[in-house]
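*Asks:* Model the following, please.
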Amino acid sequence: MAKYGMVLDLTRCLGCYACVVACKMCYGTRPGVDYNGVKRVEWGEYPDAHQRYQLTMCMHCDNAPCVEVCPVKATTKTEEGPVVMDYEKCIGCGLCVQACPYDARTLVTEDETAFDGQVMVYEEESSKRLNLVEKCTMCYARAQNGQKPMCVDHCPGRARIHGDVSDPESEISKYIAEHGAVQVEGTSIWIVAPADMPKEYLPLSLADAIAAKAAK
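*Replies:* Numbering: from 1, shown residues only. Predicted coordinates:
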């Protein structure tokens, strides 16, 4: 059985937001609801100043806190790795949103669309979801059909690599080995970061993220 993972290569991200737009068009998410994000970060001072981008998304945790707290099993961890949602079961209690240490879930409470009073074709499915929680599923359904996630397909810099990490001959396994990608402990995400990028701009391990959230 495949074990899906994703590499985020921060040395190759262009900050173009193609991943964000592709995801939004695919799932028709409402204004303000983004399954992934791009954030510019800077460090150092001229003439030794640097700029890169953080890529935020659901980390598809091994022991996902959101799965543990869901009272109706609307959030589940698949055998292949991705954490997915069953919108038919979700009751919008928001417990999973509170439990997520990466702030990667959104409780949709506003009945908004991109254009007031209009539901575009790509919004037809998501417009039916209100008072429910939405999140990235690592395009689990697409992966089951042999396709790559939308964010991976549309990244012009090839900063995202997805595939079966249990197969040593897969593209992602070879990329991890060749580029020294480091797994974010407790998650299904690997990171390739610039050598001088401050650790504060890199995602925390699951344990550290949970501790950081509890300390707030």
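*Asks:* low pLDDT regions in the chain?
*Replies:* Within the chain, no stretch falls below the threshold (pLDDT under 70).
*Asks:* The residue with the largest distance to the centre of it and D167, how far apart?
*Replies:* What lies farthest from the middle of the chain is P47; by C-alpha atoms, centre = their mean that is 33.7 Å. To D167, P47 is 45 Å away according to C-beta to C-beta, to the nearest Å. No exception for glycine: its C-beta is placed from N, CA and C like everyone else's.
*Asks:* Could you do N63 as well?
*Replies:* Counting by C-beta to C-beta - N63 and D167 are separated by 23 Å.
*Asks:* which residues touch the residue lying closest to P198 once chain neighbours are set aside?
*Replies:* Leaving aside its sequence neighbours, P198 sits nearest to W43 (C-beta to C-beta, 6 or more residues apart in numbering; 5.5 Å). Residues in contact with W43 (C-beta atoms under 8 Å, 6 or more residues apart in numbering) are A49, H50, M197, P198, Y201.
*Asks:* And G92, by the same measure?
*Replies:* L107, N131, L132, V133.
*Asks:* Just give the nearest non-adjacent residue to A212, would you?
*Replies:* Distance criterion C-beta to C-beta, 6+ apart; nearest residue to A212, sequence neighbours excluded, is L204 at 6.2 Å.
*Asks:* That neighbour: neighbouring residues, count only.
*Replies:* Residues lying near L204 (other C-beta atoms under 10 Å) number 20.
*Asks:* wait, isn't it in contact with I191?
*Replies:* No. In this structure, L204 is not within contact of I191 by C-beta atoms under 8 Å, at 11.1 Å.
*Asks:* Overlap in contacts, these two.
*Replies:* V184.
*Asks:* and the spatially most central residue of the chain, what is it in contact with?
*Replies:* Here the mean C-alpha position of the chain is nearest to the C-alpha of M57 (C-alpha atoms, centre = their mean), at a distance of 2.3 Å. By C-beta under 8 Å, 6+ apart, the residues touching M57 are Y35, N36, G37, A104, C136, C151, I189.
*Asks:* same thing but at 6 Å, please
*Replies:* N36, C136 (C-beta atoms under 6 Å, 6 or more residues apart in numbering).
*Asks:* again, but for G94
*Replies:* Residues counted as contacts of G94 (C-beta under 6 Å, 6+ apart) are L107.
*Asks:* Apply 10 Å and report the result again.
*Replies:* V69, R105, T106, L107, T109, N131, V133 (C-beta atoms under 10 Å, 6 or more residues apart in numbering).
*Asks:* can I get those in a markdown table with distance to I172?
*Replies:* Formatted as a markdown table, the contacts of G94 follow (distance: C-beta to C-beta, whole Å):
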| residue | distance to I172 |
| --- | --- |
| V69 | 30 |
| R105 | 25 |
| T106 | 27 |
| L107 | 32 |
| T109 | 36 |
| N131 | 36 |
| V133 | 28 |
